[in-house]
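Undergrad: Build me a model from this:
(chains A and B)
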Amino acid sequence: MRRAPLLSGLSIASIGVSLFIIGLFGVAAHNVDQALSGAESRVEVVAYLRDGVDEELVGLAGAEVEGYPEVESVTYISKVEALFRASRELPEFSDVFSDLEVNPLPASLVVQLQNRSRTPADAERVAARLAGYGFVEEVRYGREWVDRLYRIRRVVGGGVLLLGASFALGAILLIGIAVRMAILARREGIAIMKTVGATEAYIRRPFLAEGLFTGLLGGGVAVLLTWGAYRTINATLLPLEWVPVWWVAIGLLGAALLGMLAATRAVRRELKKIDVF
Amino acid sequence: MIQLRGVHKSYGGVQVLNNVSIHVRKGEIVFLTGPSGAGKTTVLRLVHMQTLPTSGEVRVSKFSSKRIKRKDLPELRRRAGFVFQDFRLLENLTAAENVAFALECTGTPRAKVGPRVQKLLGQVGLAARARSYPRELSGGEQQRVAVARALATEPFVLLADEPTGNLDSRASAGVFDLFRSINASGMSIIMATHDADLIRRHPEVRVIELEHGTVVFDPFAKTDS
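TA: Purely as a prediction, here's the structure:
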């Protein structure tokens, strides 16, 4: 690094900027994930009941449903309570609700799922079992909505992976060029090392270390840039949550490994050119 | 000790050596001579296994060109020191640092490097110039530093490629005297040279003459096919 400070600095900056973009996507992905988890917690299965069902029977069925492994809680909403909630949640229609002679709203069982069961498959399974009760007229659980949530998560995750892979490739090429230049600058010394009998491992070591540190420093620059961007967006645009510390640790470790991988590739190719054997 | 048997070497279809057989015994000193392009440097490079024969075999101590692997090269090269015509010293290092460089990169413990450098520079008569950079040394002195560096790994043979080619006659004589003293300690030396005066002044030294890639004179020649 000391021999070609400009090139090394350029490599670190380029890697930093490349990884910064991944970092930004990481922050975005994390916040989308958080938002999705919040939305997921509101996923519930609602069984609308036929009119005139015996409440005692419904209570027994509710207790049975609560025993399902996917279910966290079951709440019975009577016809009266349903009307009360509707007029409270839709105050603009309060006159309509108060003038009604017959309550048109059905009673229902609102089923909250366990955290681990807020998946399309589990929601569908619970809905199917509820539909099996004779007093249940209709079951709704926002199937499309749940599916869409998962699709968004997959697309965001895939996008981050794809972008990460492209930038990782760019970073490998950059570090490779920097290491190649470093080898060229030390060509004479390497030739002497080979002449006097230095081992390949000894000759490679400083270049691998250089790749590792370039990657690590680039990763550090990316973390700082991402942190700066996160703070700015947080203060001016919208509240965001910083990524978990282990994401940062994995990012830095990944950057260091990436640097070493790139250096290994470059060193293997360049050192062979110096030795005719 | 060092043996070339029926060696052919071609570079890109051009034959550089043609059925060369040479045997250098332990403790022997040999002039390898011939006009430019005769194949002297190629012989040295083959012995140092910087390149491999197209056919035939090169044997250096326990190493054979037919079986050597990449991982064996460092050990072979520590056992066969190499000196170049253009010295190839690292310009940004002092004489002592150039010698230390060879010791450090071949795994000599740090504590032993300093005393060993002093001893080696003393052996080539340059103890007083340890802190001089190559640009501050004469050609002869630079070549002595290069010899000290080649001796750092305690080789059994010293391969010298036109070591006096860039030196005046006085410096040449000095470097050759150094070779004689090294040879007196039991080390074999193969010196490629086309300095006819130097060869004439030392009739006691075995001469192997190459021409167009073929051995045309060798008092100990033995035909190999």
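
Undergrad: So which residues of the chain form strands?
TA: By default, I'm working from chain A. Using DSSP state E, the strands assigned to chain A run over residues A:44-49, A:71-77, A:108-113, A:136-140.

Undergrad: Not quite, go with chain B.
TA: With DSSP E as the criterion, chain B has strands at B:2-11, B:14-24, B:29-33, B:55-60, B:63-64, B:80-83, B:157-161, B:188-192, B:206-211, B:214-217.

Undergrad: Turn those into TSV, including distance to A:Ala222, mean neighbour count and mean pLDDT.
TA: For the C-beta atoms, the positions are set from N, CA and C on the backbone; glycine is no exception. Conversion of the strands of chain B to TSV gives the following (distance: least, C-beta to C-beta, whole Å; neighbours: other C-beta atoms under 10 Å in any protein chain shown; pLDDT from 0 to 100):
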stretch	distance to A:Ala222	mean neighbour count	mean pLDDT
strand B:2-11	48	19	95
strand B:14-24	53	19	95
strand B:29-33	58	23	96
strand B:55-60	51	19	96
strand B:63-64	49	17	96
strand B:80-83	46	26	96
strand B:157-161	50	23	97
strand B:188-192	55	24	97
strand B:206-211	60	19	96
strand B:214-217	63	15	93
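
Undergrad: In a markdown table, list the ones you listed along with distance to A:Ala131.
TA: What follows is the strands of chain B, written out as a markdown table (distance: least, C-beta to C-beta, whole Å):
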| stretch | distance to A:Ala131 |
| --- | --- |
| strand B:2-11 | 84 |
| strand B:14-24 | 87 |
| strand B:29-33 | 97 |
| strand B:55-60 | 85 |
| strand B:63-64 | 82 |
| strand B:80-83 | 87 |
| strand B:157-161 | 91 |
| strand B:188-192 | 95 |
| strand B:206-211 | 98 |
| strand B:214-217 | 98 |
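
Undergrad: Now distance to chain A too, for these, in TSV please.
TA: Shown next, in TSV, are these (distance: least, C-beta to the nearest C-beta, whole Å):
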stretch	distance to chain A
strand B:2-11	10
strand B:14-24	13
strand B:29-33	18
strand B:55-60	12
strand B:63-64	12
strand B:80-83	5
strand B:157-161	10
strand B:188-192	15
strand B:206-211	20
strand B:214-217	23
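
Undergrad: Can you check which of these gets nearest to A:Ile177?
TA: strand B:2-11 (30.3 Å; C-beta to C-beta).

Undergrad: what lines up beside that closest one in the sheet?
TA: Applying DSSP bridges, strand B:2-11 is found paired with strand B:14-24 (antiparallel), strand B:55-60 (antiparallel).

Undergrad: For it, what is the distance to the chain centroid?
TA: Computed by C-alpha atoms, centre = their mean, to the nearest Å, the separation of strand B:2-11 from the middle of its chain amounts to 17 Å.

Undergrad: and it with strand B:29-33, angle?
TA: 20 degrees (axes from the mean of the first three to the mean of the last three C-alpha atoms, to 10 degrees).

Undergrad: In CSV, please show the C-alpha coordinates belonging to strand B:2-11.
TA: Taking C-alpha atoms only, strand B:2-11 is exported to CSV below (Å, rounded to 0.1, in the frame of the first residue of the first chain):
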residue,chain,number,x,y,z
ILE,B,2,25.4,-31.6,-11.3
GLN,B,3,24.6,-33.5,-14.4
LEU,B,4,23.0,-32.7,-17.8
ARG,B,5,22.3,-35.8,-19.8
GLY,B,6,21.4,-35.6,-23.5
VAL,B,7,19.7,-32.2,-22.9
HIS,B,8,17.7,-30.5,-25.7
LYS,B,9,16.1,-27.2,-25.2
SER,B,10,13.9,-25.3,-27.6
TYR,B,11,12.1,-22.0,-27.2
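
Undergrad: Touching it from outside, list them.
TA: B:15-24, B:39, B:42-43, B:46-47, B:51, B:53-61, B:157, B:188, B:190, B:213, B:224-225 (C-beta atoms under 8 Å, 6 or more residues apart in numbering or on different chains).

Undergrad: what angle separates it from strand B:157-161?
TA: Strand B:2-11 and strand B:157-161 meet at an angle of 30 degrees, taking the same axes, to 10 degrees as the criterion.

Undergrad: okay, which residue is most central for chain B?
TA: In chain B, the centroid-proximal residue (C-alpha atoms, centre = their mean) is B:Leu159; its distance is 1.4 Å.

Undergrad: you'd agree that one is up against B:Arg79?
TA: No: B:Leu159 is not in contact with B:Arg79 according to C-beta atoms under 8 Å; the separation is 10.9 Å.

Undergrad: tell me which parts of chain B are close to chain A?
TA: Counting by C-beta under 8 Å from any C-beta of the partner chain, the residues of chain B close to chain A are B:45, B:48-52, B:70-71, B:73-79, B:81-82, B:88, B:90, B:101-102, B:105-107, B:149-150, B:152-153.

Undergrad: if you set the cut-off to 6 Å instead, what comes out?
TA: Within chain B, the positions lying close to chain A (C-beta under 6 Å from any C-beta of the partner chain) are B:Gln50, B:Thr51, B:Pro74, B:Arg77, B:Arg78, B:Phe82, B:Leu90, B:Ala102, B:Cys105, B:Thr106, B:Thr153.

Undergrad: So which of those are in helices?
TA: Using DSSP state H, the subset of the residues of chain B next to chain A located in helices is B:Pro74, B:Arg77, B:Arg78, B:Ala102.

Undergrad: Many thanks, I have nothing further to ask.
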